[in-house]
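A.B. asks: need a structure here:
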Amino acid sequence: MDITKFFGSGLKGTVKMKNGSQFSYSGPWVYLINGTTTRLDRWHMGSFMAAEYTIVAEFSNTDKEIIKCIVIAGPDKADLTIYGKADLGNSLITVSAVVNQSYIDINVTPITGQNIDWTKTKVIFKADYFQALNPIIP
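C.D. replies: Here you go, the predicted model:
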């Protein structure tokens, strides 16, 4: 495969996608189990400070959901904001961020209380990470 068919040099040192080029995703994916929180991603505080996620959950051909969110984290606090969401009638998952002095976990949990067992929901994600600009000082 010749990647120069898809990418070129852009302005201000950027990578330019050539017309008609797109990205596609299919996994790897994780299974969710009702009543269980699953870690979707983890990153170290010294490496990154923020990320933007696209998270897709699929239970069946008629139960699917996409969530767009941003996360920022410090050693003692994280903030996660969902700014976009679409589903086919049922919300499947919740997304949360848990932080400690070393790393942040991005977790997903099947939504309960809908009298539906979302066990075996498949979840994939894409993330864009932003590197930390200042060292963490203990």
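
A.B. asks: residues of stretch 78-89 that come out buried?
C.D. replies: For stretch 78-89, burial by neighbour count (16 or more other C-beta atoms under 10 Å) applies to 78, 80. (C-beta placed from N, C-alpha, C; glycine too.)

A.B. asks: what sits up against it?
C.D. replies: Contacts made with stretch 78-89 from outside it, assessed by C-beta atoms under 8 Å, 6 or more residues apart in numbering, are listed as 62-73, 91, 95-99, 104, 106.

A.B. asks: Likewise for stretch 39-51?
C.D. replies: By C-beta under 8 Å, 6+ apart, the surrounding residues in contact with stretch 39-51 are 30, 53, 55, 70-75, 95, 99, 101-108, 123, 125, 127-133, 135-136.

A.B. asks: returning to what we had before: counting neighbours, which of the contacts of stretch 78-89 end up buried?
C.D. replies: Taking 16+ other C-beta under 10 Å as the criterion, what is buried in these is 63-65, 67, 69, 71-73, 95, 97, 99, 104, 106.

A.B. asks: Can you tell me which of those residues end up in strands?
C.D. replies: 63-65, 67, 69, 71-73, 95, 97, 99, 104, 106 (DSSP state E).

A.B. asks: Let me have these in TSV, adding pLDDT as columns.
C.D. replies: Output for those, formatted as TSV (pLDDT from 0 to 100):
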residue	pLDDT
63	93
64	96
65	97
67	98
69	98
71	98
72	96
73	94
95	97
97	97
99	94
104	96
106	97
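
A.B. asks: Dead centre of the chain: give me the residue that sits there.
C.D. replies: By C-alpha atoms, centre = their mean, the chain has its centre lying nearest to residue 53, at 3.4 Å.

A.B. asks: Can you tell me the SS state at residue 4?
C.D. replies: Following DSSP: H, G, I helix; E, B strand; the rest coil, residue 4 is assigned to helix.

A.B. asks: Give me the neighbour count for it.
C.D. replies: When neighbours are defined as other C-beta atoms under 10 Å, residue 4 has 8 of them.
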